[in-house]
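Engineer: I'll drop the sequence and a predicted model, then ask my questions.
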Amino acid sequence: IRVGSDEGRDPNPLFSSTYYLSKNPEVRESGQNPLAHFLEAGADEMRNPCAIFDVLYYVTRNPDVLKSKTNPLEHYLTVGAKEGKNPNPLFHTGYYLSENPDVAESEMNPLAHYLEYGAKEGKNPNPLFHTGYYLSENPDVASSGVNPLAHYLEYGAEEGRDPNPLFSSLYYLKSNPDVIKMGMNPLAHYIEIGGTERRDPGPLFDTAYYLEQNPDVAASEMNPLQHYLLVGAKEGKDPNPFIKSFPFRPLISVIFCLHDIKEIALDERIRSVLTQIYDHFELVLIDDGNKHEGIQSILLDYEKKDQRVRVAVFDERQGHAISANKGISISAGEFMLFLNGSDLKYNALYEYVDLLNQNPEADLIFSDHDSDINGYRIVDYVRPDLLLTMDYFVGRSILFRKSIIDAIGGLNKEHEGPYDYH
């Protein structure tokens, strides 16, 4: 009380002294202890104790708390979380506990767990906010150490950052000016209102089309985008009518050779493939002697649960050529794509197939990404020519016709140098 608050120390996981004082400079100027102010006046004035506990939201949805004059944060910490109440529109207590039974068994407050451990472990606060995706798409947020959900609520939505591959914050706000007038977070609006009103979360997910094609989803009243991300993509359902309009729909084998990757990065990378909006693909996972504990069991679990996944395992590292050739040998696709170094954009396969339909004789399609850690362009030129002129240049994501690789007998181990250099 006398020293800790001045040093920015916090009295509990859900009260941030620094946050409270930054949002309420008059409290800082008065010299009053921030927690004392919150308990005496702040909560009644609907001031938030941290970025992801919304006092107004909590008491509006739990009027009994307001009537009883119980401090809302105290109520959530002692009673509300156990009753499955949500501290903000984007943290779903029941969902978090059901997805993380170890947290439920520990009886630790779920929001506190997400703040202290869950976000770092890639756990999601609701089905439509993908923690790993948000951090991989926003390296500045990842490097800052700011909680990703807190960032999205405070800044990300207004800055046009997206919570999952198929929800576009900017698209949703531009398409729904009433949401801007309401001052409501776009994802929160879609979850609570927009989905039932058949509003589209982004340009590549047609809500009305999806519900018309899947009347069981409409009858279930489950959010349509949530259904697609959790179930529909795996079942091969289309998120929009455009995909079926392609005359040419080749099977694409995405080959991912795991040389040295940890669990959190692995899960997000696999998910980036399994949630592709173009659904005619298979994912071939090759464990090239990965030494991180539990990786092999994760791969086999994916193979068991999803018929689009194939797995092969080497007990000892073989190198990229041998592991990639193994992937090629068990793949069934007409085209192949090696997943190198980063996640696959949600529309990547869709864009490849769109180009193939425009250029049906193409044997190779090149793509690249060029930005610094803050997302700004570094150089202003396209680099497909470098792919053919410099032997150290591998390319970020390249689609091959499988027959080309078969014709030369697969990849040559003697030429692994460029890949290792990259």
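Structural biologist: Arrived safely, thanks for sending. Numbers count the residues shown, from 1 in each chain.

Engineer: now the helices for the stretch 201-350 of the chain?
Structural biologist: Along the stretch 201-350 of the chain, the segments classed as helices by DSSP state H, counting those that start in this stretch run 207-213, 215-220, 224-227, 263-274, 295-305, 320-330, 348-358.

Engineer: okay, those, which one's buried deepest?
Structural biologist: helix 224-227 (a mean of 24; mean count of other CB atoms under 10 Å). Where you see a C-beta, it was placed from the backbone N, CA and C, and this is true even at glycine.

Engineer: packing partners for it?
Structural biologist: When contacts are defined as 3 or more CB pairs under 8 Å, 6 or more residues apart in numbering; DSSP states H and E, helix 224-227 packs onto helix 207-213, helix 215-220.

Engineer: export these to a markdown table and tack on mean pLDDT and distance to Gln358?
Structural biologist: Shown next, in a markdown table, are the helices and strands packed on helix 224-227 (pLDDT from 0 to 100; distance: least, CB to CB, whole Å):
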| stretch | mean pLDDT | distance to Gln358 |
| --- | --- | --- |
| helix 207-213 | 95 | 23 |
| helix 215-220 | 94 | 32 |
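
Engineer: Just put those in JSON lines and tack on distance to Leu364.
Structural biologist: Below are the helices and strands packed on helix 224-227 laid out as JSON lines (distance: least, CB to CB, whole Å):
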{"stretch": "helix 207-213", "distance to Leu364": "33"}
{"stretch": "helix 215-220", "distance to Leu364": "38"}
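
Engineer: distance of the residue lying closest to Ser331 once chain neighbours are set aside from Leu399?
Structural biologist: With sequence-adjacent residues excluded and distances taken as CB to CB, 6 or more residues apart in numbering, Ser331 is closest to Ser253, at 3.6 Å. Ser253 sits 10 Å away from Leu399, going by CB to CB, to the nearest Å.

Engineer: likewise Gly132?
Structural biologist: 24 Å.

Engineer: Check Glu121 too.
Structural biologist: To Leu399, Glu121 is 33 Å away according to CB to CB.

Engineer: Relative to Ser106, tell me which of the helices of the stretch 201-350 of the chain wins on proximity.
Structural biologist: helix 263-274 (19.6 Å; CB to CB).

Engineer: Check the average confidence over that closest one, would you?
Structural biologist: Taken as a whole, helix 263-274 carries a mean pLDDT of 84.

Engineer: Mind listing residues that contact that helix?
Structural biologist: Here helix 263-274 makes contact (CB atoms under 8 Å, 6 or more residues apart in numbering) with 121-122, 130, 132-133, 136, 165, 233-234, 254, 256, 258, 261, 281, 283, 285, 292, 294-295, 298, 302, 306, 308-309, 339, 342-346.

Engineer: quick revisit: ok, how many other residues are close to the residue nearest to Ser331?
Structural biologist: Ser253 has 23 neighbours, counted by other CB atoms under 10 Å.

Engineer: for Asn88, same thing?
Structural biologist: 24.

Engineer: and it, what does it touch?
Structural biologist: 52-54, 57-58, 153.

Engineer: Neighbour count for the residues you listed - can I get that in TSV?
Structural biologist: Formatted as TSV, the contacts of Asn88 follow (neighbours: other CB atoms under 10 Å):
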residue	neighbour count
Ile52	24
Phe53	23
Asp54	24
Tyr57	18
Tyr58	23
Leu153	22
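
Engineer: one step back: relative to Pro63, which of the helices of the stretch 201-350 of the chain is closest?
Structural biologist: Closest to Pro63 of these, according to CB to CB: helix 224-227, at 27.1 Å.

Engineer: Return the distance of the closest one from the chain's centre.
Structural biologist: 14 Å (CA atoms, centre = their mean, to the nearest Å).

Engineer: Likewise for stretch 64-75?
Structural biologist: 34 Å.

Engineer: out of the helices of the stretch 201-350 of the chain, nearest to Val65?
Structural biologist: Closest among the helices of the stretch 201-350 of the chain, using CB to CB: helix 224-227, at 27.5 Å.
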